[in-house]
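*Asks:* let's see this in three dimensions:
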Amino acid sequence: MLIFNKFVISYNMQFDQINIYKQNMNYNSVLNLKDLIVLQFKTLRDLTVVNYPGLLKDLELHYFMLSYKMNMKCSLKNFINRDYLIVSLTDIYINSDWLERESWDLYGIKYIYHQDLCRILTDYGFIGHPLLKIFPLTGFVEMRYDDLLNKIIKERIELTQTFRFFYFINPWYNNNNKNKN
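*Replies:* So this is what the prediction gives:
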């Protein structure tokens, strides 16, 4: 097959889904999946991203495609780092326009040849990408209303390390209820 080239790390088949792990995602491999007479993955169902902080290639990009002719699904997975440029698939799948904008907004994945790569789920003044695991849970800024000034104030959040205390206790484990033999 044309899609199983030298960049494929591994592939397997589970139930009615083909899982393909690629080293470098390229435009032609997705085009081959769509136009291959045997498979015909004509629909892009979803595009998702998984973040693995601490790795060299910390983002895993998942393209989920569907073939109505063969009643099969395909999962095309690719490991990338945040600075890697991905070629936009809007010429192949028109619905990838929204999906790529969403993954850029939430994870910071950069797509080249994309016509309108702008924020859709966060505010235009938003700094950073909220679904990256390096993003703080409280955010970077806080907005509050000040009664004395009669206006909304925007302040940067500064947390010292003393306020960041985590309890690593399993709530389902109880020392009193141990099995006594």
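*Asks:* any idea how far the nearest residue to Asp58 once chain neighbours are set aside is from Tyr107?
*Replies:* Sequence neighbours aside, Tyr52 is the residue nearest to Asp58 in space, at 5.2 Å (criterion: Cβ to Cβ, 6 or more residues apart in numbering). All C-beta atoms are positioned from the backbone trio N, CA, C, and that covers glycine. Separation of Tyr52 from Tyr107 (Cβ to Cβ, to the nearest Å): 12 Å.
*Asks:* same question, Leu56
*Replies:* 17 Å.
*Asks:* the two: who's more crowded?
*Replies:* Tyr107 (19 against 7; other Cβ atoms under 10 Å).
*Asks:* and the more buried one, how far is that from Ile20?
*Replies:* 21 Å.
*Asks:* give me the residues contacting the one helix or strand Glu100 maps to.
*Replies:* Assigned by DSSP states H and E, Glu100 belongs to helix 96-107. By Cβ atoms under 8 Å, 6 or more residues apart in numbering, the surrounding residues in contact with helix 96-107 are 44, 46-49, 51, 59, 61, 82, 86, 88-90, 109-111, 114-122, 129-132.
*Asks:* could you do stretch 118-129 as well?
*Replies:* So stretch 118-129 is contacted by 98, 101-102, 105-108, 130, 135, 140-141 (Cβ under 8 Å, 6+ apart).
*Asks:* identify each buried residue in it, please.
*Replies:* His129 (16 or more other Cβ atoms under 10 Å).
*Asks:* for the helix holding Glu100, what is the average pLDDT?
*Replies:* Averaged over helix 96-107, pLDDT sits at 93.
*Asks:* right, and the helix or strand after it?
*Replies:* That would be, after helix 96-107 and using DSSP H and E, strand 110-112.
*Asks:* mind listing what the next helix or strand after that next one pairs with, with the direction of each?
*Replies:* Using DSSP H and E, the next helix or strand after strand 110-112 towards the C-terminus is strand 141-146. Here strand 141-146 is paired, per DSSP bridges, with strand 151-156 (antiparallel).
*Asks:* how much space between Lys73 and Ile18?
*Replies:* Taken as Cβ to Cβ, the span from Lys73 to Ile18 is 7 Å.
*Asks:* poorly predicted segments of the protein, please.
*Replies:* Low-confidence segments of the chain (pLDDT under 70): 1-9, 24-29, 31-32, 36-37, 138, 159-181.
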